[in-house]
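Student: this one's sequence-less:
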Ligand SMILES: Cc1cc2nc3c(=O)[nH]c(=O)nc-3n(C[C@H](O)[C@H](O)[C@H](O)COP(=O)(O)OP(=O)(O)OC[C@H]3O[C@@H](n4cnc5c(N)ncnc54)[C@H](O)[C@@H]3O)c2cc1C
């Protein structure tokens, strides 16, 4: 092989940097939603997640995909999924950082905000392993519906020890849980579930049942147990279904195959059949949907957090690349039109971060604060709908900043392709866009919702004319809602108003003004990069930079202070 040329004008990898210190939007949202919070755990996490070593684990876990082994060497059914060691390294890091059930132990004054920020940071490293982490976090409120099981399982669901061994729960140092609702004939409409539950006596964990049927999507099937829906004599009910029974025998959960997915590669999602599987009732018989929705609510929070994390990562990669790549005699980041694109993406990313952490705060306080309870109810579908809807569009534009390299799966820039493939998922699972928008209608029609929204938006009153005009129309629109066909429009507009009101309180005035002028005042187009001429692009871009760079521009990043 002859050397034909020197490699020039390619960006270095964005590695060995501090994800937390460089994320000004996240730090501002934390200061606002959790004043006085000790951010040392996040600072540690930010450095660790940005390391070369962890990035290598993320890459390897996405290349060496989970493999199903239905039988052992001699033909016995085992239903095991094998993962690459990097998957386990990532799971160990997430569990060790308390991103699963630890928040419910109330070790901090702001446990859900702290965990939310950590979850967002981890998403920047690798989002797919966060599926079982998220479900293990989310299960706690629903699992309380069976006090005996809860008492046995809750401490190990919060344990910081990751233990993937196929052993019964009492022999394990830490436990994980998943959920099974979606069946072939219906996912959004879970009332269509056909899995049957038949009474099989009672024991120390309460009413015991036998489940027969299937689940069409059953992610992270190596979790230690699952909450599932099945039809009992009184209707759709919620059940606790362990993978291994207490005596160590495998429960009759047959993994048929793993899904071949667009993205989310490191995580296994399966199709399963239950063949007289043993399960215990959680909550009241016939009240399965509200029971399992307590879990769904928390995973919807994580969809918003996850997409916000992915947006931040895509933005960081776009800024990093354009800061080092030249075209037409200038760094891309110095080209006026590219500055408009980057600043517009930065606004979207900061607004997503702001509303995500605001929602997490509602979960910290909803138990003893009526306004926070109202916000948890209203903002959950709003944040899930709007942030996740914006995610794919955002990823496409950030990818384009990298040109052709953005579309390639390899190396540092290959992360962008991974983000792009991951983005649509948070919008689909746990209630796709329409389902979320319809839920916004239900939430906003509640007696106290309009007043709670007004209270939430009040601190920003008088700070921007476009925001005031926009907010003034909302009560009449809510009052005059004609039907479901308007649900997306309303969900979008309430989301924008809440985002603007939060930015008024957490972001520099250039960020707030540009957000209001574009998203609320009409000084904007239909694609990113269409901010008006008055937008303070310099401040917006500077605030979003993932690293500080040595002058003159170009070369490798240095760590930010
Ligand atoms: C990678 C992956 C992993 C998953 N893991 C799990 C898991 O672990 N456990 C689990 O239970 N599920 C899981 N799911 C399933 C997921 O939650 C469902 O796919 C999702 O809820 C949508 O259900 P569905 O696929 O049946 O679509 P459908 O319910 O058929 O919906 C199709 C479309 O119709 C829209 N729609 C539905 N009803 C209405 C209406 N009334 N008005 C207007 N529009 C409507 C929806 O918004 C959607 O856009 C997973 C999905 C994916 C992709």
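Tutor: Structure received. A quick note: this is a predicted structure, and the numbers were derived from the prediction, not measured.
Student: all strands of this protein, in order?
Tutor: All strands of the chain, identified by DSSP state E, fall at 67-71, 77-82, 177-180, 196-203, 206-219, 225-232, 235-242, 253-258, 269-282, 326-327, 330-331.
Student: which of those sits most buried?
Tutor: strand 177-180 (a mean of 28; mean count of other CB atoms under 10 Å). (Each C-beta comes from the backbone N, C-alpha and C, glycine too.)
Student: Check which helices and strands that one sits against.
Tutor: Identification of packing neighbours for strand 177-180 by 3 or more CB pairs under 8 Å, 6 or more residues apart in numbering; DSSP states H and E yields helix 130-143, strand 206-219, strand 225-232, helix 288-322.
Student: quick one: pLDDT of the residue of the chain found nearest the ligand?
Tutor: Per CB to the nearest ligand atom, residue 187 is where the chain lies closest to the ligand, at 2.2 Å. At residue 187, the model reports a pLDDT of 96.
Student: was I right about it contacting residue 215?
Tutor: No - between residue 187 and residue 215 there is no contact under CB atoms under 8 Å: 10.0 Å.
Student: Which residues are in contact with each of those two?
Tutor: With contacts taken as CB atoms under 8 Å, 6 or more residues apart in numbering, residue 187 and residue 215 have residue 181 as neighbours in common.
Student: low pLDDT regions in the chain?
Tutor: Along the chain, segments meeting pLDDT under 70 span 1, 411-413, 550-561.
Student: hmm, try it at 80
Tutor: For the chain, applying pLDDT under 80 flags the ranges 1, 410-414, 548-561.
Student: got the residues of it near the ligand?
Tutor: 178-182, 186-189, 217-219, 261, 264, 269, 425, 428-435 (CB under 6 Å from any ligand atom).
Student: Nearest residue to residue 400 in space, please, no chain neighbours.
Tutor: residue 406 (6.5 Å; CB to CB, 6 or more residues apart in numbering).
Student: circling back to that earlier point, show me the residues of the chain next to the ligand that map onto helices.
Tutor: Per DSSP state H, helices hold the following members of the residues of the chain next to the ligand: 425, 428, 433, 434, 435.
Student: who wins for most neighbours among the residues you listed?
Tutor: residue 425 (25 neighbours; other CB atoms under 10 Å).
Student: got the contact list for that one?
Tutor: Counting by CB under 8 Å, 6+ apart, residue 425 touches 262, 263, 264.
Student: Might you report the residue contacts of the second one?
Tutor: Looking back up the chat, that one is residue 263. By CB under 8 Å, 6+ apart, the contact list for residue 263 reads 128, 418, 420, 421, 422, 423, 424, 425.
Student: ok, so what distance separates the second one from residue 86?
Tutor: Right, the one you point to is residue 418. 14 Å (CB to CB, to the nearest Å).
Student: and if you look at the third one?
Tutor: Here the distance between residue 420 and residue 86 works out to 21 Å (CB to CB).
Student: I'd like the contacts of residue 263 laid out as a markdown table, including distance to residue 94.
Tutor: Output for the contacts of residue 263, formatted as a markdown table (distance: CB to CB, whole Å):
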| residue | distance to residue 94 |
| --- | --- |
| 128 | 11 |
| 418 | 17 |
| 420 | 22 |
| 421 | 20 |
| 422 | 16 |
| 423 | 20 |
| 424 | 22 |
| 425 | 17 |
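Student: Name only those of these that count as buried.
Tutor: 128, 418, 420, 421, 422, 423, 424, 425 (16 or more other CB atoms under 10 Å).
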